[in-house]
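> okay, here's the prediction I keep looking at, along with the sequence it came from:
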Amino acid sequence: MILYWQIFLAFFIPGILGYGGGPASIPLIENEVVSHYHWMSVTTFSNVLAFANSLPGPIAPQMAGYIGYVQGGVAGSLIAIFATVAPSLILLILLLKLLYKFKDSPKVKRLTMLIRPIIVVMLGMMAYNFFAASKQASGWLPLIVIGALSFILMQRFRLHPAFIIAGALIFGAIFMG
């Protein structure tokens, strides 16, 4: 029972604090899953994130479903998914009128503009952690090849990131597995 409570908290707290949806809550989820509960390493978390990114739909509930399943089976998966969407669901139900009333407020717009740089810094820190873990696990050569090839495919050929992620997963499975 304690495990299910931990799973709930690991995804509910980032859902509350992760203003801006999946990209804002992913570093918070990483902190809970990797640093606080030690359920997986940074490398494993980055693999889960890459896999969730390659699937259609919102990233955070997909990650929550997988991590919840690994930790607590089907019940853990359901709890993690519910905990991920519950903060937004509760806020929408309770504060819908208030949100509608102040949606065009200059103060709310200013607050949103102030929060964006914080989210960028958190995503940058997470990317740096993934880079360091990847370099340590695989070395420089695969890191540079995958990074450069990904950049060229996205910039030059406008290939969708989902295909690049899928290709990187296949590359990793074949050559680094």
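Received the coordinates, thanks. Numbers count the residues shown, from 1 in each chain.
> Ser54 contacts Ala166, correct?
Yes - if you go by C-beta atoms under 8 Å, Ser54 and Ala166 touch, sitting 5.1 Å apart. Where you see a C-beta, it was placed from the backbone N, CA and C, and this is true even at glycine.
> overlap in contacts, these two.
Residues touching both Ser54 and Ala166 (C-beta atoms under 8 Å, 6 or more residues apart in numbering): none.
> max-length helix in this protein?
helix 59-102 (DSSP state H).
> chain neighbours aside, what residue packs nearest to Gly18?
Ser25 (2.7 Å; C-beta to C-beta, 6 or more residues apart in numbering).
> put the alpha carbons of stretch 138-150 into PDB.
This file holds the C-alpha atoms of stretch 138-150, laid out as PDB (Å, rounded to 0.1, in the frame of the first residue of the first chain):
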ATOM      1  CA  SER A 138      28.000   4.800 -24.600                       C
ATOM      2  CA  GLY A 139      31.000   7.000 -25.100                       C
ATOM      3  CA  TRP A 140      31.500  10.000 -27.400                       C
ATOM      4  CA  LEU A 141      31.200   8.400 -30.800                       C
ATOM      5  CA  PRO A 142      27.600   7.200 -30.700                       C
ATOM      6  CA  LEU A 143      26.600  10.400 -28.900                       C
ATOM      7  CA  ILE A 144      28.100  12.600 -31.600                       C
ATOM      8  CA  VAL A 145      26.800  10.400 -34.500                       C
ATOM      9  CA  ILE A 146      23.200  10.300 -33.200                       C
ATOM     10  CA  GLY A 147      23.200  14.000 -32.200                       C
ATOM     11  CA  ALA A 148      24.600  15.200 -35.600                       C
ATOM     12  CA  LEU A 149      22.500  12.800 -37.600                       C
ATOM     13  CA  SER A 150      19.400  13.900 -35.700                       C
END
